[in-house]
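Asker: Predicted coordinates and the sequence they were generated for:
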Amino acid sequence: MKSRYFAPLFLFLFVVTSCNVQTQDNIDFSSLSWISGNYADTSKNFFEYWVISGDSQLKGQGYSVKGSDTTFMEELTIKKADGKWCYIVKMGSEETIFHLKGETSDSLVFENEENEFPKRIIYARKEDNKILASIDNPEDPKSRIDFNLIPQK
């Protein structure tokens, strides 16, 4: 008796979940701008900030410190290029582009299958304006690195 309800329930949940994910054409900049702000993961001495630049771009920076020395720094940009939302990481003169593959009101998923590491960058909005940022290679679960970003004043 219970098994005849499983298939319709599964189909219903699939349809509802699928409707919440937007395509590239439908994604409005305002649905990405929740990431703006200053954040820190003090357990990793990692800091990240994002500012809205113009009406359709986010500019940011991620960096690590040890004592008073900056040990790692990257320039970050989220913008639309060739009709697709991109996450651009620039370190020195090298630039790596990740394309938005999934978006909901509480998460952003960017991917670049050609990049050695990471192939995927995920931002998930949590309570109190916290963000869980993760980098990984999806085929290797042990490669995942999480950053628990807490808003800074």
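Answerer: The structure has been received and is ready for your questions.
Asker: residue boundaries of the helices in this protein?
Answerer: Assigned helices in the chain, in chain order: 3-20 (criterion: DSSP state H).
Asker: got any ranges where it has weak pLDDT?
Answerer: 1-26 (pLDDT under 70).
Asker: Try it again at 50.
Answerer: Scanning the chain for pLDDT under 50 picks out the ranges 1-3, 5-23.
Asker: pretty sure Phe110 contacts Val89?
Answerer: No - with contact defined as Cβ atoms under 8 Å, Phe110 and Val89 do not form a contacting pair (9.6 Å). Yep, even glycine has a C-beta here, placed from its N, CA and C like the rest.
Asker: Give me the common contacts of those two.
Answerer: Phe98 (Cβ atoms under 8 Å, 6 or more residues apart in numbering).
Asker: And these two? Which one has more around it.
Answerer: Shown here are Phe110 and Val89; by other Cβ atoms under 10 Å, Phe110 has more neighbours (24 against 20).
Asker: What distance do you get for the more buried one to Ala124?
Answerer: Distance, Phe110 to Ala124, by Cβ to Cβ, to the nearest Å: 12 Å.
Asker: swap in Arg144?
Answerer: 13 Å.
Asker: Common neighbours of those two, please.
Answerer: In contact with both Arg144 and Ala124: Ser134, using Cβ under 8 Å, 6+ apart.
Asker: Give me the neighbour count for Phe46.
Answerer: Using other Cβ under 10 Å, Phe46 has 20 other residues around it.
Asker: and if you look at Phe117?
Answerer: Neighbours of Phe117 using other Cβ under 10 Å come to 11.
Asker: mind checking how far it is from Gly62?
Answerer: For Phe117 relative to Gly62 (Cβ to Cβ), the value is 15 Å.
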